[in-house]
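> The sequence and its predicted three-dimensional model are supplied below.
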Amino acid sequence: MFHATLDSSKTWKQIVDALATLLTEALFIIDEKGFSLRQFDPAKAAMIDLKLPSAVFQEYSCKGSHEVCLGVDELVKVSKRMGVDDKLEFNLDTDDQRFEIRMVGPAERTFKLQLLSPPDSRGKKPTLDFDVKAEMYSEAFKQAVKDIGVVSIHIKIKAENDVLVFAGEGDTGEAEVSLKVGDDANLFDLGVKKPSQAIYALNYLSEIIKAMSSDSIILQFSTSKPIMLEFSIAETGTINFILAPRVERR
């Protein structure tokens, strides 16, 4: 048994948009604590880790733990039908294997989505010890990714002391964006255990930045190790993106 209500359709759309950056199917674990999801993209180069506590919802009731696997394309299509002021209701019909999304506004509309078979392999969050942790405005990170994308298909991220650098190069030239910690800076905190640098695929980051809905993000990485990007959703919820590095060939 599961039932929940959400006053903000915007929050649900943000979640669906985040899932759509990497996944074709979304496997939610729904229990008394709330929603959670941890999955690799089909290429297993990136992972999304979602936590949406029950406190995010205005009403929340769940008995037991349920695996709810849904097609992301269907979730995207349904979310596009949501009005700005619609209130949402969610129900799980385990007998008919349907996940119900009801939109309550000027009209009451109900979509019942077929549950899919959960994937055999489950995402296990890697144990990572990061040497760099940066807190910055999400818009600054988005602009850095776009700037490097003008000339390159990869982005090198370097950190040393109080400077965070994004760089890239390609056949048409080079680009570099440097951010320093300061009162008026886009980078408002940077912790560096030791100088680090790593390279990541720009096509993944270009998709991930589309899903960033909060004002700020936390960026963590180490030399030649995965990068983790964390941002909040609906105040108490969090979304983490973890992306594997590109290994430089010598």
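Nice, thanks for sending it over.
> what bits of the protein have low per-residue confidence?
Counting by pLDDT under 70, the ranges of the chain that qualify are 120-123, 183, 248-250.
> again, only this time at 90
The model of the chain has pLDDT under 90 over residues 1, 8, 42, 118-128, 161-162, 182-185, 211, 213, 233-236, 246-250.
> can you list the domains in it?
Following automatic domain parsing, the chain resolves into domains at 2-114, 132-243.
> In TSV: those, plus mean neighbour count and distance to residue 125.
From N, CA and C alone the C-beta is placed, and that goes for glycine too. Listed next are the domains of the chain as TSV, based on neighbours: other Cβ atoms under 10 Å; distance: least, Cβ to Cβ, whole Å:
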stretch	mean neighbour count	distance to residue 125
domain 2-114	17	6
domain 132-243	18	8
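> Throw the ones you listed into a markdown table and include distance to residue 126, thanks.
Formatted as a markdown table, the domains of the chain follow (distance: least, Cβ to Cβ, whole Å):
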| stretch | distance to residue 126 |
| --- | --- |
| domain 2-114 | 8 |
| domain 132-243 | 7 |
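> between those, which one is nearest to residue 124?
domain 2-114 (7.6 Å; Cβ to Cβ).
> Residue 103 touches residue 80, doesn't it?
No - between residue 103 and residue 80 there is no contact under Cβ atoms under 8 Å: 11.5 Å.
> list the contacts for residue 200?
154-155, 157, 227, 243-246 (Cβ atoms under 8 Å, 6 or more residues apart in numbering).
> what do you get if the cut-off is 10 Å, keeping everything else the same?
Shown in contact with residue 200 (Cβ atoms under 10 Å, 6 or more residues apart in numbering): 45-46, 145, 154-157, 221, 226-227, 243-246.
> Out of the residues you listed, which sit inside helices?
Those of those mapping onto helices are residue 145, per DSSP state H.
> Return the closest of the contacts of residue 200 with respect to residue 34.
Using Cβ to Cβ, residue 46 comes nearest to residue 34 of the contacts of residue 200, at 23.1 Å.
> isn't that closest one right next to residue 126, touching?
No - counting by Cβ atoms under 10 Å, residue 126 is not a contact partner of residue 46; they are 11.5 Å apart.
> Now do the shared contacts for the two.
226, 242, 244.
> Relative to residue 93, how far out is residue 28?
From residue 28 across to residue 93, the span is 15 Å (Cβ to Cβ, to the nearest Å).
> that older thread, is it possible to export the shared contacts of residue 46 and residue 126 to CSV including distance to residue 131?
Formatted as CSV, those follow (distance: Cβ to Cβ, whole Å):
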residue, distance to residue 131
226, 12
242, 16
244, 17
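> Which of these sits closest to residue 86?
residue 242 (32.3 Å).
> in the sheet, who's paired with that closest one?
Taking DSSP bridges as the rule, residue 242 bridges to residue 47, residue 228.
> who's in contact with it?
So residue 242 contacts 38, 40, 45-49, 123, 125-126, 128, 220, 226-230 (Cβ under 10 Å, 6+ apart).
> list the contacts for the spatially closest residue to residue 83 that is not a sequence neighbour?
The shortest distance from residue 83 to any non-neighbouring residue, by Cβ to Cβ, 6 or more residues apart in numbering, is to residue 105 (4.9 Å). Going by Cβ under 10 Å, 6+ apart, residue 105 touches 9, 82-88.
> one more time with 7 Å
Neighbour list for residue 105: 83, 85-86 [criterion: Cβ atoms under 7 Å, 6 or more residues apart in numbering].
> just residue 60 next, same as before
4, 54.
> Now do it against residue 71, distance only.
For residue 60 relative to residue 71 (Cβ to Cβ), the value is 24 Å.
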